[in-house]
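Sequence plus the predicted model coming up.
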Amino acid sequence: MTGAIPKEIGSLTLLKRFDLHSNYFTVTIPTEIGSLDELKYIDVHNNNLSGSIPSNIGNCLRLEYLDVSFNRRLKGSLPWEIAKLSNLEEFSFSNTELTGTIPSEICSSQQINSKNFDGNDIVECDCCDK
């Protein structure tokens, strides 16, 4: 699939799994994704996404998995709102142009089974070890 991720994704209020990895999406992650409060899984790795991670992703309080890796045009600071994702178990921000610091609330969480932020300028918090 190519082009933009449709903004209408925000109307799928019962969506639990959002998996569009390994396609050719070329624009930003729509901010409407923050209105999906049932969402547990986001995988958009290996696309050509640009822009930044929307800050309202912190509204997806049930989110357990987040992978935006291998989107070389994904830039900007890591939104501090990801600290609100207390159910997050796995995340990957590797091989992007994202910057910033992983919030200590995420790094030190006992729920985190897998984390990857290699290949970019994300600064780890003191509690992280790669």
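That came in fine, so what should we check first? Numbers count the residues shown, from 1 in each chain.

where do the helices sit along this protein?
Here the chain has its helices, by DSSP state H, at 104-107.

need the contact list for the spatially most central residue of it.
Residue closest to the average C-alpha location in the chain (C-alpha atoms, centre = their mean): L66, at 4.6 Å. By C-beta atoms under 8 Å, 6 or more residues apart in numbering, the contact list for L66 reads 42, 57, 82, 85, 88, 90-92. (C-beta placed from N, C-alpha, C; glycine too.)

In a markdown table, list those along with pLDDT, neighbour count and distance to D19.
Below are the contacts of L66 laid out as a markdown table (pLDDT from 0 to 100; neighbours: other C-beta atoms under 10 Å; distance: C-beta to C-beta, whole Å):
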| residue | pLDDT | neighbour count | distance to D19 |
| --- | --- | --- | --- |
| I42 | 97 | 24 | 8 |
| I57 | 95 | 22 | 16 |
| I82 | 90 | 22 | 19 |
| L85 | 91 | 23 | 18 |
| L88 | 92 | 23 | 16 |
| E90 | 93 | 16 | 13 |
| F91 | 91 | 24 | 15 |
| S92 | 92 | 19 | 14 |
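
which one among these gets closest to P103?
Using C-beta to C-beta, I82 comes nearest to P103 of these, at 6.2 Å.

Would you mind measuring from the closest one to T2?
Distance, I82 to T2, by C-beta to C-beta, to the nearest Å: 28 Å.

Quick check: T101 touching P79?
No - using C-beta atoms under 8 Å as the test, T101 is too far from P79 to be in contact (11.2 Å).

who has more neighbours, these two?
P79 (18 against 15; other C-beta atoms under 10 Å).

Just give the nearest non-adjacent residue to that one, would you?
Leaving aside its chain neighbours, P79 sits nearest to S55 (4.1 Å; criterion: C-beta to C-beta, 6 or more residues apart in numbering).

same check, this time on S35
Leaving aside its sequence neighbours, S35 sits nearest to G10 (C-beta to C-beta, 6+ apart; 4.6 Å).
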